[in-house]
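S.K.: Here's my sequence, what's the structure:
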Amino acid sequence: MIALTLTEVYAIELLPDEQFGDLRQQLLAKVPESSRSKFARYAQVRDVQRSLLGEVLTRHLLKRVFGKLPEDMVFTAGEKGKPEPAGFRGIHFNISHSGDWVVAALSSSAVGVDVERMRKVPEGVANRFFSEKEKAWLASATDGKEKAEIFFTLWTLKESFLKAIGTGLTRSLSTFTIVNDARGLFSLEDDSGSGRYYLKNWPFREGYKLSACSGSPGFASEPVILTINELI
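M.R.: Below is the predicted model:
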């Protein structure tokens, strides 16, 4: 087993529909029957691809860490419902997808990752779920582009924290504050357990924001982009 010293994030871009159709059976062969049954319930091909690539990507990364990983091994739900590899300890993972990208994070501690395709800032969401400090940072934007940069940086950081602690959006985003120290580093305020978690936002593809949160302080310097050939 490879010891993870840093929280690592990997990404893969969705395939054109025709190419995915050609490779779909090869990808399905890399996941257990229980997962194949789940994917069959999706109505949209793009949703099938996002979910399938997320699981194949995660299994590929876990196999690299553990040296082997049975293709019929299922992911079980942990204490708070987060998936984890059955029978293995000392490794945590999380998956996110948005637009044309699927990402997965691996860490030796609890981890959450979030990627979002940027769009027009939903003002109502910011007013409802952001703290006063976060609203002030958002209000400092000089134009719509900067406003979107700030909003989706905050959103992905906040959601990655909730995914790391296993609550997801069942807990309000307004119950804690993301603090920017002006050097591109971030921390958490107003949460009793926030001191145990660390945050990272990476430059990513144009029009996207990517952030992760982990119980370990070290992060890889940049996300790793994988190709479909590396997965199959």
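S.K.: tell me the pLDDT at the residue nearest the centre of the chain?
M.R.: Centroid check for the chain by Cα atoms, centre = their mean gives Val113 as the closest residue, at 2.6 Å. Val113 is assigned 97 on the pLDDT scale.
S.K.: any weak-confidence spans in this structure?
M.R.: Counting by pLDDT under 70, the chain has low-confidence residues at 1, 70-72, 76-88, 167-171, 182-184, 191-195.
S.K.: which residues in it form strands?
M.R.: 8-13, 75-77, 83-85, 92-98, 101-107, 111-117, 177-180, 186-189, 198-202, 208-214, 224-225 (DSSP state E).
S.K.: list the contacts for Leu15?
M.R.: Leu23, Gln49, Ile228 (Cβ atoms under 8 Å, 6 or more residues apart in numbering). Backbone N, C-alpha and C define where each C-beta goes, glycine included.
S.K.: what sits against the last one?
M.R.: Same thing as Ile228. Ile12, Leu15, Gln19, Leu23.
S.K.: In CSV, list the residues you listed along with distance to Ala141.
M.R.: Listed next are the contacts of Ile228 as CSV, based on distance: Cβ to Cβ, whole Å:
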residue, distance to Ala141
Ile12, 31
Leu15, 35
Gln19, 39
Leu23, 42
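S.K.: From Pro217, how far off is the residue nearest to the centre of the chain?
M.R.: 16 Å (Cβ to Cβ, to the nearest Å).
S.K.: can you give me phi and psi for the residue sitting furthest away from the middle of the chain?
M.R.: The outermost residue of the chain, judged against the average C-alpha position, is Thr142 (28.8 Å), by Cα atoms, centre = their mean. When read as degrees, to the nearest 10, the backbone of Thr142 gives phi -90, psi -20.
S.K.: So which of the contacts of Ile228 is the closest to Phe152?
M.R.: Ile12 (20.4 Å; Cβ to Cβ).
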